[in-house]
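1. Provided below for reference: sequence and predicted model.
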Amino acid sequence: MTNEIHRMVFSESMKLADLIDVNFKLLNVLSRLGISLGFGENTIREMCDRQGIDLNSFLLICNVYTYDGYVPSADLLAAADAGTIVDYLHNSHAFYLDRELAALESNLSLMVEPCDELQKKIVGKFFASYKAQVKRHFNYEESVVFPYVRALKTGECQEGYSIEQFEENHSNIDETLNDLKNIVMKYLPDTCDTVVRNEVLYRIYRLEEDLLKHTIIEDTVLIPVVNRMETL
């Protein structure tokens, strides 16, 4: 599918309900931008106008979230709003930490209940290490990158930092999650309840996919948008 087709799928005149029919996972995008269900027959533009959300940024996020390999055009990036993108990423961080990781931790504890103490300790320690890694990753973005972008948006210049430094040091938090997935799938005893184990794996796969889209939005949308702002 080409980028032209992508842009035809998601347009400002499209009804929000039809957007969700194309990709129900966009419910996560709506909630992170403060959009509640019950939007009736509103179009994407009507919803963005009502919520004060930048339309072009919303469409960009939806395209990246929906289509693998989607590459936004220079024109779309030029029209995007860095503030909207940062707000989305910030709210995503809260969603991962407060909802997804908390739920995954609860599911893991239930899953390893039949295991011996050593196996419980290994899984618990591995997850705690992963959670700490995620928190460090997010904390850098929250304390350094996002304030820098917001300041840049208001015309403030912060000497000694640029988005290039973020790009060079942008770590991958997907690999450790993949290791956890393999532990659950391959190495725990069959005394673990299969249904609970599958629920854990479903949650890990969903989180893994969501985090990948999150990273792609940072790399293909946020960084080039801020790069352009730095040169203006």
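-> Looks like it came in fine.

2. how does this structure divide into domains?
-> The record's domain parsing of the chain by automatic domain parsing lists 3-77, 81-231.

3. quick one: mean pLDDT over the shortest one.
-> If I follow you right, that is domain 3-77. Averaging pLDDT along domain 3-77 gives 88.

4. before we move on, back to that, in TSV: the domains of the chain, plus mean neighbour count.
-> For every residue, glycine as well, the C-beta is placed using N, CA and C. Converted to TSV, the domains of the chain look like this (neighbours: other C-beta atoms under 10 Å):
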stretch	mean neighbour count
domain 3-77	16
domain 81-231	15
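
5. in this structure, which spans are helices?
-> 3-9, 16-22, 26-32, 44-51, 55-66, 74-79, 82-95, 101-111, 117-140, 146-153, 163-168, 174-182, 194-217, 223-231 (DSSP state H).

6. of all those, which one comes closest to residue 38?
-> helix 16-22 (10.4 Å; C-beta to C-beta).

7. what packs against that closest one?
-> helix 26-32, helix 44-51 (3 or more C-beta pairs under 8 Å, 6 or more residues apart in numbering; DSSP states H and E).

8. will you turn the ones you listed into JSON lines that also has distance to residue 13?
-> Output for the helices and strands packed on helix 16-22, formatted as JSON lines (distance: least, C-beta to C-beta, whole Å):
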{"stretch": "helix 26-32", "distance to residue 13": "17"}
{"stretch": "helix 44-51", "distance to residue 13": "7"}
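
9. distance to residue 188 added to the helices of the chain, as TSV?
-> Shown next, in TSV, are those (distance: least, C-beta to C-beta, whole Å):
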stretch	distance to residue 188
helix 3-9	40
helix 16-22	36
helix 26-32	29
helix 44-51	44
helix 55-66	32
helix 74-79	44
helix 82-95	27
helix 101-111	8
helix 117-140	7
helix 146-153	38
helix 163-168	37
helix 174-182	10
helix 194-217	7
helix 223-231	39
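
10. who's in contact with residue 105?
-> For residue 105, the contact set (C-beta atoms under 8 Å, 6 or more residues apart in numbering) comprises 127, 131.

11. from residue 21, how far out is it?
-> Distance from residue 105 to residue 21, counting by C-beta to C-beta, to the nearest Å: 33 Å.

12. ditto for residue 62
-> In terms of C-beta to C-beta, residue 62 sits 13 Å off from residue 21.

13. can you check residue 65 too?
-> In terms of C-beta to C-beta, residue 65 sits 15 Å off from residue 21.

14. just residue 34 next, same as before
-> 21 Å.

15. next: residue 139.
-> Counting by C-beta to C-beta, the gap from residue 139 to residue 21 is 37 Å.

16. hang on, the earlier thing: list residues touching both of residue 62 and residue 21?
-> Joint contacts of residue 62 and residue 21 (C-beta under 8 Å, 6+ apart) do not exist.
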